[in-house]
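the following comprises the amino acid sequence and a computationally predicted model.
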Amino acid sequence: MAGPQEEQKFCLQEVLDTFKLCLSEKKDVYLEHYVAGWRGLVKFLNSLGSVFGFISKDAVNKINILVTYLHGENGSQYVTVQSMVKYELENQLVDLTKRGSHPESGCRTLLRLHRALRWLELFLERLRTSSEDSKTSVMCSEAYNESLSQHHPWVVRKAAGMAFCVLPGRPAFLEVMNVGPPEQVVAMLGEAVPLISEVYQITEELYAQQNLLDLP
Ligand SMILES: CCCCCCCCCCCCC/C=C/[C@@H](O)[C@H](COP(=O)(O)O)NC(=O)CCCCCCCCCCCCCCC
């Protein structure tokens, strides 16, 4: 049986499995599996050390907000991202233009994770196609600059940049994924990236249709 230590261990397979479960037959995104995917990723971040604590703390905070809705009295409205958006909009539960009485709506909280998912997609694709001696810090900051950084103030960008510098090199990084030899990690990333990308695209289209991409 796995001890507490092992239960905390990140495993790319597990994250891949949760993202697989994310999409329903009609391509709705299940919130439960979406947050489970993020929980798995946070485990990975925690295994990289305390420098990343401020990032994982924010991610956990956002995961917990969503889980509270999911398990709350209106939980049945939060089964999918689609139903959450519909419910919160119909009931005026979202601050649309400036922060007001709903600073922690499901919609704005998920949007933050959604933007981070684009970073993840770009980063994992770089990792997958990179050579053995490529620098993870460079891949990570390139992916960040192309995505998430646009939504962050200077001070967060600075702190993120500093954290990226202490990322382990590619071989050690692939090892923490607990998949096996590098070729196997690369193969699994080949499966994971399109899945993550699909979940991202579906959410992006929904948010764009509803004009929710700039929620405060
Ligand atoms: C592998 C290295 C991991 C580097 C993570 C890259 C993302 C850098 C994000 C920096 C966020 C800093 C923390 C603060 C964020 C908030 O200001 C900001 C805005 O929130 P607010 O509107 O409520 O104020 N929050 C966010 O943008 C959400 C950030 C969520 C980041 C989650 C990152 C999880 C990373 C998981 C790593 C997995 C590695 C892949 C391995 C297979």
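Thanks, I have the structure now.

and this structure, which residues reach the ligand?
Residues of the chain lying close to the ligand (CB under 6 Å from any ligand atom) are 12, 41, 44-45, 54-55, 58-59, 112, 115-116, 119, 140, 144, 148, 156, 160, 167, 177. All C-beta atoms are positioned from the backbone trio N, CA, C, and that covers glycine.

okay, and the residue nearest to residue 114 when sequence neighbours are not counted sits in which element?
Leaving aside its chain neighbours, residue 114 sits nearest to residue 203 (5.1 Å; criterion: CB to CB, 6 or more residues apart in numbering). Per DSSP states H and E: residue 203 is located in helix 182-209.

again with residue 95
Assigned by DSSP H and E, residue 95 belongs to neither a helix nor a strand.

with adjacent residues omitted, what lies nearest to it?
Nearest residue to residue 95, sequence neighbours excluded (CB to CB, 6+ apart): residue 102, at 4.8 Å.

pLDDT weak spots in this protein?
1-8 (pLDDT under 70).

which stretches of it form helices?
Ranges of helices within the chain are 4-7, 12-21, 31-47, 53-70, 81-90, 106-129, 136-146, 154-165, 170-176, 182-209, based on DSSP state H.

Throw those helices into JSON lines and include mean neighbour count, thanks.
Shown next, in JSON lines, are those (neighbours: other CB atoms under 10 Å):
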{"stretch": "helix 4-7", "mean neighbour count": "8"}
{"stretch": "helix 12-21", "mean neighbour count": "19"}
{"stretch": "helix 31-47", "mean neighbour count": "20"}
{"stretch": "helix 53-70", "mean neighbour count": "17"}
{"stretch": "helix 81-90", "mean neighbour count": "18"}
{"stretch": "helix 106-129", "mean neighbour count": "20"}
{"stretch": "helix 136-146", "mean neighbour count": "18"}
{"stretch": "helix 154-165", "mean neighbour count": "14"}
{"stretch": "helix 170-176", "mean neighbour count": "16"}
{"stretch": "helix 182-209", "mean neighbour count": "16"}
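
no further queries at this time; thank you.
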